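> Please find the sequence and the predicted model below.
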Amino acid sequence: MANVNQYNPLVTAAEVISNSFTNANTDTALISNNTILLAELAHLKEAIGKKFYEELKTQHHAGTLTTANQTLMDDFLVRCLCWFVRFEVINEVQSNSTSAGIVHNIDEFATIIDPAELNAYKQDTYRKAEIYLKDMLDYINDDDQSGQYPTYESNKPCNENVYKNHGIIMYDSIYSRPRRNYNSWKDYCPCDDC
């Protein structure tokens, strides 16, 4: 595995603010590169697969994105990742850890929302990020994009194949090659008593 954590994040704090925050005057210092990396690792890497994630990070850092990867970044990935970063940074925007403990960030014209409202706000932010992620994955997986993303296609996550084998719930490997499902086990079971 290449150490792509040392590379530039796939989005900047300014992009996060312009794509997902209502207040364009939000301080970019609230969104660190480590928070962006956290969002990449927690929400993006698994969804697109480790190898494709590393390819995007490497090309983005070197400024050598392929045309297809640049289109993916511009039209899908940046927007999606910005909403996941917003989700990760919400607690830091509302509260701050200091030597005096956890304090709320509040000015004279604002009030702090209660935990239930904060939870609803975070859930809505996550829902929006998931919508953008699904849109991006639909785009990559569409027949029109066949051959455009070979690293993704040969290493894409395969989390949808769950089946029962002799009463045991089976999950396919996270990679789609080779693809196994219930019928492949049912018809070619290695035991003699099926």
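Yes, it's here. Residues are numbered from 1 along each chain as shown.

> Tell me the first helix or strand C-terminal of the longest helix along the chain.
Looking across the chain with DSSP state H, the single longest helix is helix 115-141. Proceeding N to C from helix 115-141, the next assigned helix or strand is helix 150-155, under DSSP states H and E.

> who does that next one touch, helix- and strand-wise?
helix 50-62 (3 or more C-beta pairs under 8 Å, 6 or more residues apart in numbering; DSSP states H and E). For every residue, glycine as well, the C-beta is placed using N, CA and C.

> Next, the angle helix 50-62 makes with the longest helix of the chain.
Angle of helix 115-141 versus helix 50-62, following axes from the mean of the first three to the mean of the last three C-alpha atoms, to 10 degrees, is 90 degrees.

> From the contact counts, what lies against helix 115-141?
Using 3+ C-beta pairs under 8 Å, 6+ apart: helix 115-141 touches helix 45-48, helix 67-72, helix 78-94.

> Not counting its neighbours along the chain, what's nearest residue 135?
Once flanking residues are discounted, residue 135 sits nearest to residue 76: 6.5 Å by C-beta to C-beta, 6 or more residues apart in numbering.

> one step back: and the helices and strands packed on helix 115-141, which is most packed in?
Of these, the one with the most neighbours on average (mean count of other C-beta atoms under 10 Å) is helix 78-94, at a mean of 22.
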